[in-house]
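Peer 1: here's a sequence, model it:
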Amino acid sequence: MDQIGNVLPQVLKGAASQEKGEMARMDSFVGATAIADLIKTTLGPKGMDKVLRSSTDDSAAITVTNDGATILKSINVDNPAAKILIDISKTQDSEVGDGTTTVTVLAGELLREAEKLINMKIHPQIIIAGFREARDIARRKLLSLSVDNSEDEAQFKQHLFNIAKTTLSSKLVFHDKEHFAKLAVDAVLRLKGSQNLDYIKIIKKAGGSLKDSYLDEGFLLEKEISVGCPKRMENCKVLVANTPMDYDKIKIFGSKVKADSMDKVAEIEQAEKNKMKEKVEKIISHNCNVFINRQLIYNYPEQLMADKGMMVIEHSDFDGTERLSKVLGADIVSTFDAPDQAKLGECKLIEEIMIGEDRLLKFSGCAAGESCSIVLRGSGSHILDEAERSMHDALCVLITTVKNKRIVYGGGNTEIAMALDIEDQAKNYTGKEALALESFAMALRQLPTIISDNAGLDSAEIVQNLRSAIHKGDMHAGINVQEGTVGNMKEMGITECYRVKEQALLCASEAAEMVLRVDSIVRCAPREREDPRQRMFQIIRQMPHDIHTHFQQFILP
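Peer 2: Residues are numbered from 1 along each chain as shown. You can find the predicted model right below:
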């Protein structure tokens, strides 16, 4: 039955259903705006946090965060448009590492404005065409607002520091943002232009306060040195392996061995020991003094290598092994028949250190000198988890900035400037496309409005003052949420990565376009599962008559 009560023919089979036209669009708009409204209160330096907990397990750990990607990844939705917004948030996070809330809120506001146009009987394709024109205008304006100071090393480093502070302003570490911004900038600059985050390891250790976090110029591994091995080694030649070293016990699965005496059992054990001894001798022939294995190492091979004065580290996790191989410049080997082909890692010193009550291994002077570790301290696991997410966002943004070189000013500066430019250009368009351009500009203006609202400010007055300042030519104007006024973003050091803004603009407009193209939602029926009892009854009915009669007395109704 349609919206006015007419009976429609049944085309789809079973539990499948279809929504058409206005109902489908309404479903999409409601889902998208609901997701945007869910996380828009986390936007800006004074955004609020969300508590995420399991709906089925009350004893499960909770997560306290204001990171858009973390929030959206943790919720299950059934609405197709809502899933599209969650996907663009994940894309934004993987591409540039920040702006996940911005891209979701912007897409939601674009769809909110598009809904108003559709209610005015404007065709979705006209709205899409207008949105595309507005996106191109905004992108050109954003590029003209960007600044490239990469030639001046000191000034570029200051810009990186300001970008890190701006990124961390909306995080849990806001009150110590200068300290964490310095950690992030120093870590990224050690990469010397490389974009490999594997060289930067983040370690969380409960205890102390957030300000006790520090950058260690070396690689830290959360493992211990095996018993009987030297606890400190200089001028290390490191062999990194992924091989089984637990064959000093009998392991014969799926077979039976009959022995008529204990002497025969002893011979089997001795054969296993000899086999392991040969393997250890091959390892020693590589002329290494440190052996790191991803898998377990049993006592016998461990003792043999310790007798040779080697340092042995067992059971390094997969992530740790991969990082170590890159940091030390070593190959991960599984066989040891060709010592001349195996590449050993190098570092000047390996030693045990204490952080709180935990022992860790520190690799100093590694072959890849870019490596470093950020040790996060805090009073609890929830604080440490959020601090880790904050540092990861800052590191990703800084690496993107080092690659792209361009920066823009924050505080709603770029959004208002793009909106004003779109409004000026819309005057040159005729027809209904001009309305779509104005709607795009309205959606962009909503971002600084939401930032002001989240800070408890008078958003209508502040956004209008900001529009007036930028219209008069003050291209450094932005919202000062601490004082509730329009301030100079250049003097305040509020800068952002150009690539983050550009990616958010593109992703949000493409997601809005995809949702606007939808005019029908088809929900497929779940796959029908055959009742095993019915199948059994069918088999019985196909049996000969006498057998069928016998079964009928007991099974068939």
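Peer 1: what's across from residue 497 in the sheet?
Peer 2: residue 407 (DSSP bridges).
Peer 1: residue contacts, it?
Peer 2: 96, 98, 163, 397, 400-401, 404, 406-408 (CB atoms under 8 Å, 6 or more residues apart in numbering). For glycine as for every other residue, the C-beta is placed from the backbone atoms N, C-alpha and C.
Peer 1: so which of those residues belong to helices?
Peer 2: 163, 397, 400-401, 404 (DSSP state H).
Peer 1: can I get those in CSV with distance to residue 220 and neighbour count?
Peer 2: Output for the ones in helices among the contacts of residue 497, formatted as CSV (distance: CB to CB, whole Å; neighbours: other CB atoms under 10 Å):
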residue, distance to residue 220, neighbour count
163, 26, 28
397, 24, 26
400, 25, 20
401, 26, 25
404, 30, 17
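Peer 1: and the two most separated of the residues you listed?
Peer 2: Spatially, the most separated pair among the ones in helices among the contacts of residue 497 is 163 and 404, at 11.1 Å (CB to CB).
Peer 1: would you confirm that residue 62 contacts residue 74?
Peer 2: No. Between residue 62 and residue 74 there is no contact under CB atoms under 8 Å: 10.5 Å.
Peer 1: more neighbours, these two?
Peer 2: Neighbour count, other CB atoms under 10 Å: between residue 62 and residue 74, residue 74 has more, with 13 against 9.
Peer 1: which strand residues bridge residue 52?
Peer 2: Bridge pairing for residue 52 - DSSP bridges - gives residue 63.
Peer 1: for it, which residues are in contact?
Peer 2: Residue 52 touches 62-65, 70-71, 74-75, counting by CB under 8 Å, 6+ apart.
Peer 1: with residue 216 instead?
Peer 2: Neighbouring residues of residue 216 by CB under 8 Å, 6+ apart: 362, 372-375.
Peer 1: give me the pLDDT value at it.
Peer 2: Here the pLDDT value assigned to residue 216 is 86.
Peer 1: return the backbone torsion pair for it.
Peer 2: phi -100, psi 120 (degrees, to the nearest 10).
Peer 1: what residues are bridge-paired with it?
Peer 2: Beta-bridge partners for residue 216, by DSSP bridges, are residue 373.
Peer 1: tell me where the stretch 301-450 of the chain has strands.
Peer 2: Assigned by DSSP state E, counting those that start in this stretch, the strands in the stretch 301-450 of the chain fall at 311-313, 332-333, 345-355, 358-366, 372-378, 406-409.
Peer 1: need the ones you listed in CSV with distance to residue 127 and mean pLDDT, can you?
Peer 2: CSV is the format used below for the strands of the stretch 301-450 of the chain (distance: least, CB to CB, whole Å; pLDDT from 0 to 100):
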stretch, distance to residue 127, mean pLDDT
strand 311-313, 61, 91
strand 332-333, 54, 90
strand 345-355, 56, 89
strand 358-366, 55, 87
strand 372-378, 46, 89
strand 406-409, 27, 92
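Peer 1: out of the ones you listed, nearest to residue 170?
Peer 2: Checking the strands of the stretch 301-450 of the chain against residue 170 by CB to CB gives strand 406-409 as the closest, at 16.2 Å.
Peer 1: poorly predicted segments of the stretch 301-450 of the chain, please.
Peer 2: Within the stretch 301-450 of the chain, the stretches with pLDDT under 70 are 318-320, 369.
Peer 1: revised request: answer the last question for the chain.
Peer 2: Checking the chain against pLDDT under 70 turns up 1-21, 55-60, 247-256, 318-320, 369, 521-557.
Peer 1: report the buried members of the contacts of residue 52.
Peer 2: Among the contacts of residue 52, those that count as buried by neighbour count (16 or more other CB atoms under 10 Å) are 63, 65, 70-71.
Peer 1: contacting residues for residue 466?
Peer 2: Residue 466 is in contact with 412-413, 416, 448, 477-479, 486, counting by CB under 8 Å, 6+ apart.
Peer 1: out of those, which is nearest to residue 191?
Peer 2: Using CB to CB, the contacts of residue 466 come closest to residue 191 at residue 413, 29.1 Å.
Peer 1: what sits against the closest residue to residue 194 other than its chain neighbours?
Peer 2: Closest residue to residue 194 in three dimensions, ignoring its sequence neighbours and counting by CB to CB, 6 or more residues apart in numbering: residue 370, at 6.0 Å. Residues near residue 370 by CB under 8 Å, 6+ apart: 190-192, 194, 196, 199.
Peer 1: against residue 329, how distant is residue 259?
Peer 2: As judged by CB to CB, to the nearest Å, residue 259 and residue 329 stand 48 Å apart.
Peer 1: between these two, tell me which one has more neighbours.
Peer 2: residue 329 (17 against 11).
Peer 1: where do the helices sit along the stretch 401-550 of the chain?
Peer 2: When secondary structure is read from DSSP state H, counting those that start in this stretch, the stretch 401-550 of the chain shows helices at 413-426, 433-454, 459-471, 489-492, 498-516, 532-541, 545-554.
Peer 1: which one, of the ones you listed, ends up nearest to residue 203?
Peer 2: helix 498-516 (26.5 Å).
Peer 1: tell me the angle that closest one makes with helix 433-454.
Peer 2: Per axes from the mean of the first three to the mean of the last three CA atoms, to 10 degrees, the angle that helix 498-516 makes with helix 433-454 is 120 degrees.
Peer 1: now helix 498-516: how far from the chain's centre is it?
Peer 2: 18 Å (CA atoms, centre = their mean, to the nearest Å).
Peer 1: packing partners for it?
Peer 2: helix 21-39, helix 80-95, helix 100-119, helix 124-145, helix 381-404, strand 406-409 (3 or more CB pairs under 8 Å, 6 or more residues apart in numbering; DSSP states H and E).
Peer 1: is it correct that residue 361 is in contact with residue 229?
Peer 2: No. The criterion here is CB under 8 Å, and residue 361 misses it with residue 229 at 11.6 Å.
Peer 1: export stretch 110-119 as CSV, just CAs?
Peer 2: Extracted C-alpha coordinates of stretch 110-119, given in CSV (Å, rounded to 0.1, in the frame of the first residue of the first chain):
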residue,chain,number,x,y,z
LEU,A,110,24.5,19.3,3.8
LEU,A,111,21.8,16.7,3.9
ARG,A,112,19.7,18.9,6.3
GLU,A,113,19.9,21.8,3.9
ALA,A,114,19.2,19.5,0.9
GLU,A,115,16.0,18.2,2.6
LYS,A,116,14.7,21.8,2.7
LEU,A,117,15.4,22.2,-1.0
ILE,A,118,13.6,18.9,-1.8
ASN,A,119,10.6,20.1,0.2
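Peer 1: out of the helices and strands packed on helix 498-516, deepest packed?
Peer 2: helix 100-119 (a mean of 24; mean count of other CB atoms under 10 Å).
Peer 1: that helix - contacts with which helices or strands?
Peer 2: Going by 3+ CB pairs under 8 Å, 6+ apart, helix 100-119 lies up against helix 21-39, helix 68-73, helix 80-95, helix 124-145, helix 433-454, helix 498-516.
Peer 1: in CSV: the contacts of residue 52, plus distance to residue 43.
Peer 2: As requested, those are exported to CSV (distance: CB to CB, whole Å):
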residue, distance to residue 43
62, 22
63, 19
64, 17
65, 14
70, 14
71, 12
74, 18
75, 17
